[in-house]
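[1] After the sequence you'll find the predicted model.
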There are 2 protein chains.
Amino acid sequence: MRSPLLFDNLNKYAKITEADFEQIEKVISKKFVKKRRTLLGEGDTSRYIYFVEKGALRSFTVDKDGIEHVVQLAIEDHWIADLCSFVTQVPGNISIESIEDSEILLLPYHELELLYGQVPALERYFRQLFQRAYVSLQRRFNLTLSVSAEDRYRQLLKDSPQIAAKVPLIYIASFLGITPESLSRIRKQIFH
Amino acid sequence: MRSPLLFDNLNKYAKITEADFEQIEKVISKKFVKKRRTLLGEGDTSRYIYFVEKGALRSFTVDKDGIEHVVQLAIEDHWIADLCSFVTQVPGNISIESIEDSEILLLPYHELELLYGQVPALERYFRQLFQRAYVSLQRRFNLTLSVSAEDRYRQLLKDSPQIAAKVPLIYIASFLGITPESLSRIRKQIFH
DNA sequence: CGTCTATTTGAATGTACTCAAAAGCGGTGG
DNA sequence: CCACCGCTTTTGAGTACATTCAAATAGACG
């Protein structure tokens, strides 16, 4: 269960000692998933928050017409969850699925709550994580309202080149709030 | 500085005793503002989080073409702030303005941080407030991507009839992410 | 190789936008 | 009290960007 990737990530935003990390490791489990596997279905309560060690995941909702809307795209070294369901521990309407074969760390809700008391630095880490989530969502929402689909795609290329490079077009289009056809045309435009 | 409205609001989500409330009251100040006054300008650092006792406020950003985008509409009994700037205490890009003559309570950042240590129930209250802010933003974003402008307006009529009733059309249109002209036509459609 | 999924292209359509201008509403000062 | 001014709402006409529907092509995987 040694995960240098997670250890370094935690230390990017908080000071987590080796002893702290051993505590954390005890409650984390690792999962290998194949491509296109559902980790969390609509109506499930999110028991875990997921840390991507390798691969890529997406979270999405399904609207009344059956159209999927990608809420989040997560690659290596990032967390993903239905935060709404995770923090409230009630059933949510977000699904989480692997985009490719992936390796994931699972951090369970109740154990995390207990750990907060034992490892204060961890609470700071997650409080900041939630703050960043809010701020980045607000920024993304703002972009969606104020700039064209093409500029939003250019922004994504700049902000998250790794995501733009490895995630299939259909999911990126959905994440940007446009159709795959539109993004295909935008790409053609940009790259001649 | 007695504010029964705030006292009741705090007790809706946490158990705040009379003694707790006296502590809180000490750091709160009250402000009367005329219509169309700026409380927080672009580039300011948000020293306060505002509680609306009476009237209505809006927060908004201005994009590169000078178009305003309403981020939040707040009436009586609601908080409003540039949460991004408030929690980080760095300059933000959100402005806050009164829509009509209003009475506002100001809760300052540093005093709130200190109070957290003395009144644990207050920390719980604000943690939950931030969580609700995140969840409601996610929901709004989702609606913007998945349903038509007309359905979004109908949703607003259902969720926040008081806002729909008293806030001028231009701000509601901006909040919904459409032009005033479009909302005017949608309204005509709905109300014959 | 065949099937399933993803991407690209074309053509027609539509929803909301821009621009322009008129009408309505409200507050202020002469 | 009325006239004026600024801001808001409405209406009209033309437009643009992204959508839908349909179908062909390309890739991935067993």
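    Sure thing, it's come through.
[2] so where do the helices sit in chain A?
    Assigned by DSSP state H, the helices in chain A fall at A:4-13, A:18-27, A:83-88, A:109-118, A:120-146, A:149-159, A:161-166, A:169-176, A:180-190.
[3] can those helices go into a markdown table with extra columns for mean neighbour count and distance to DNA strand C?
    Glycine gets a C-beta too; all of them are placed from N, C-alpha and C. A markdown table is the format used below for these (neighbours: other Cβ atoms under 10 Å in any protein chain shown; distance: least, Cβ to the nearest atom of the strand, whole Å):
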| stretch | mean neighbour count | distance to DNA strand C |
| --- | --- | --- |
| helix A:4-13 | 15 | 26 |
| helix A:18-27 | 14 | 33 |
| helix A:83-88 | 20 | 25 |
| helix A:109-118 | 14 | 30 |
| helix A:120-146 | 17 | 9 |
| helix A:149-159 | 16 | 12 |
| helix A:161-166 | 13 | 10 |
| helix A:169-176 | 20 | 3 |
| helix A:180-190 | 14 | 3 |
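[4] Pick out the shakiest of those helices, pLDDT-wise.
    With a mean of 85, helix A:120-146 has the lowest mean pLDDT of the helices of chain A.
[5] so what does that one touch, helix or strand wise?
    helix A:4-13, helix A:18-27, helix A:83-88, helix A:109-118, helix A:149-159, strand B:68-75, helix B:83-88, helix B:120-146 (3 or more Cβ pairs under 8 Å, 6 or more residues apart in numbering or on different chains; DSSP states H and E).
[6] CSV please, covering these and showing distance to DNA strand D.
    CSV is the format used below for those (distance: least, Cβ to the nearest atom of the strand, whole Å):
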stretch, distance to DNA strand D
helix A:4-13, 23
helix A:18-27, 31
helix A:83-88, 25
helix A:109-118, 32
helix A:149-159, 3
strand B:68-75, 10
helix B:83-88, 25
helix B:120-146, 9
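[7] Chain neighbours aside, what residue packs nearest to the residue of chain A found nearest DNA strand D?
    At 2.9 Å from DNA strand D, residue A:182 is the closest residue in chain A, using Cβ to the nearest atom of the strand. What sits nearest to residue A:182 in space, not counting adjacent residues and going by Cβ to Cβ, 6 or more residues apart in numbering or on different chains, is residue A:149, at 6.1 Å.
[8] For the one you found, give me its contacts.
    By Cβ atoms under 8 Å, 6 or more residues apart in numbering or on different chains, residue A:149 lies in contact with A:176, A:177, A:178, A:182, A:183, A:186.
[9] at 10 Å instead, please
    Residue A:149 makes contact with A:173, A:176, A:177, A:178, A:179, A:182, A:183, A:185, A:186, according to Cβ atoms under 10 Å, 6 or more residues apart in numbering or on different chains.
[10] re earlier: what about the residue of chain A closest to DNA strand D, distance to residue A:163?
    According to Cβ to Cβ, to the nearest Å, residue A:182 and residue A:163 sit 18 Å apart.
[11] Residue A:159 and residue A:136 touch, don't they?
    Yes. In terms of Cβ atoms under 10 Å, residue A:159 counts as a neighbour of residue A:136; the distance is 9.5 Å.
[12] Any idea what the residue sitting nearest the centre point of chain A is bridged to?
    In chain A, the residue lying closest to the centroid (Cα atoms, centre = their mean) is residue A:80, at 2.9 Å. Note on residue A:80: beta-bridge partners residue A:50, judged by DSSP bridges.
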